[in-house]
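K.L.:
Following is a predicted model, sequence given first.
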Amino acid sequence: MTKAATEADRILVVDDEPDIVALVAYHLAKAKYRVATASTGPDALAMAARERPSLIVLDEMLPGLSGFDVLARLRADRETASVGVLMLTARKEEADRIRGLELGADDYLTKPFSPQELVLRVGAILRRGQTKSEGNDTLRIGPITIQRAAHRVAVNGHEVELTPTEFKLLLTLAERRGRVQARAHLLETVWEAAPDIQTRTVDMHVQRLRTKLHPAGDLIETVRGFGYRLAAKDG
């Protein structure tokens, strides 16, 4: 299942290897995305502020600032806090993937990679921020308010900035509140991934989501050995 690119779908590709930038940009442009590029960490931040991309394909090892530093600054800035980020890395250690997820990366791809897979993952991340309104557009669970079409979340009336993946994860739990969701099922539903890979990814995103929701994060309950459940609270 692929996502049809829209006029708003500008992708920023950040890598200091010209061949990789050219390869990724070519395949994204072929998929009808608008593409901008940068080759250093500082340039990436400047381009992100100026271009307001829908998603950033971000290499981990960059001159000036590392991909991790760029990601941390993106998430700390309200203007870029919710932009989708797909990280690229030449390292295969789990610790590197975990660090990226802790900082708020939506997904990870290890070099060498398939350009077709990269395009599919970009589409999957973008779809997480696009929901179809079915019935009531607004969900209320305790102090949490979720506006599906507007892709907005508030806790006690205060807006919370979520990444596309965090929003889709919360929405999935909210729409099935009171019911336990297995990690494998969440991977299939939110990440559109095979259920036998990177279940730790779910745990890291739940941890970040709880932190952003502040006390309301306690509504996301861990069901040990199985998955997660959002407590069924009246709005």
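P.N.:
That came through, no problem.
K.L.:
Just the C-alpha atoms of the helix or strand of the chain with the lowest mean pLDDT, please, in PDB.
P.N.:
For the chain, the helix or strand with the lowest mean confidence is helix 94-103, at a mean of 83 (criterion: mean pLDDT, DSSP states H and E). Once non-C-alpha atoms are left out, helix 94-103 reads as follows in PDB (Å, rounded to 0.1, in the frame of the first residue of the first chain):
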ATOM      1  CA  GLU A  94      20.700  -1.600  18.800                       C
ATOM      2  CA  ALA A  95      22.000   1.100  21.100                       C
ATOM      3  CA  ASP A  96      22.100   3.600  18.100                       C
ATOM      4  CA  ARG A  97      18.500   2.700  17.100                       C
ATOM      5  CA  ILE A  98      17.400   3.100  20.800                       C
ATOM      6  CA  ARG A  99      19.100   6.500  21.100                       C
ATOM      7  CA  GLY A 100      17.400   7.700  18.000                       C
ATOM      8  CA  LEU A 101      14.000   6.500  19.100                       C
ATOM      9  CA  GLU A 102      14.500   8.000  22.500                       C
ATOM     10  CA  LEU A 103      15.100  11.400  20.800                       C
END
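K.L.:
partner strands of the helix or strand just after that helix, parallel or antiparallel?
P.N.:
Following helix 94-103 in sequence order, the next helix or strand is strand 107-110 (DSSP states H and E). On the basis of DSSP bridges, the sheet neighbours of strand 107-110 come out as strand 84-89 (parallel).
K.L.:
Just the CA atoms of the strand it pairs with, as CSV, please.
P.N.:
What follows is strand 84-89, C-alpha atoms only, in CSV (Å, rounded to 0.1, in the frame of the first residue of the first chain):
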residue,chain,number,x,y,z
GLY,A,84,8.3,13.3,10.7
VAL,A,85,11.9,11.9,10.9
LEU,A,86,13.3,8.8,9.2
MET,A,87,16.9,8.2,10.4
LEU,A,88,19.6,6.6,8.3
THR,A,89,22.6,4.9,9.9
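K.L.:
relative to helix 94-103, how tilted is it?
P.N.:
160 degrees (axes from the mean of the first three to the mean of the last three CA atoms, to 10 degrees).
K.L.:
Not counting its neighbours along the chain, what's nearest the residue nearest the centre of the chain?
P.N.:
The chain has residue 106 as the residue nearest its centroid, 2.9 Å off, counting by CA atoms, centre = their mean. Spatially, and ignoring its direct neighbours in sequence, residue 106 is nearest to residue 165 (4.3 Å; CB to CB, 6 or more residues apart in numbering). In this view, the C-beta of every residue, glycine as well, is placed from N, C-alpha and C.
K.L.:
Now do the contacts for that neighbour.
P.N.:
Listed by CB atoms under 8 Å, 6 or more residues apart in numbering, the contact set of residue 165 reads 84, 106-107, 125, 128, 190-191, 205.
K.L.:
Mind splitting the protein into its structural domains?
P.N.:
Here the domain parsing of the chain from automatic domain parsing is 10-128, 138-230.
K.L.:
What average pLDDT does the shortest one get?
P.N.:
Okay, so that is domain 138-230. Mean pLDDT, domain 138-230: 90.
K.L.:
Same check on stretch 56-64?
P.N.:
Averaging pLDDT residue by residue across stretch 56-64 gives 96.
K.L.:
Extract the CA atoms of it and return them as CSV.
P.N.:
The C-alpha trace of stretch 56-64 is given here as CSV (Å, rounded to 0.1, in the frame of the first residue of the first chain):
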residue,chain,number,x,y,z
ILE,A,56,13.2,14.7,7.1
VAL,A,57,15.4,11.8,6.0
LEU,A,58,18.2,12.3,8.4
ASP,A,59,21.7,10.6,8.3
GLU,A,60,23.1,9.8,11.7
MET,A,61,26.7,10.9,10.9
LEU,A,62,26.9,14.5,9.7
PRO,A,63,29.5,17.3,9.8
GLY,A,64,28.9,20.3,12.0
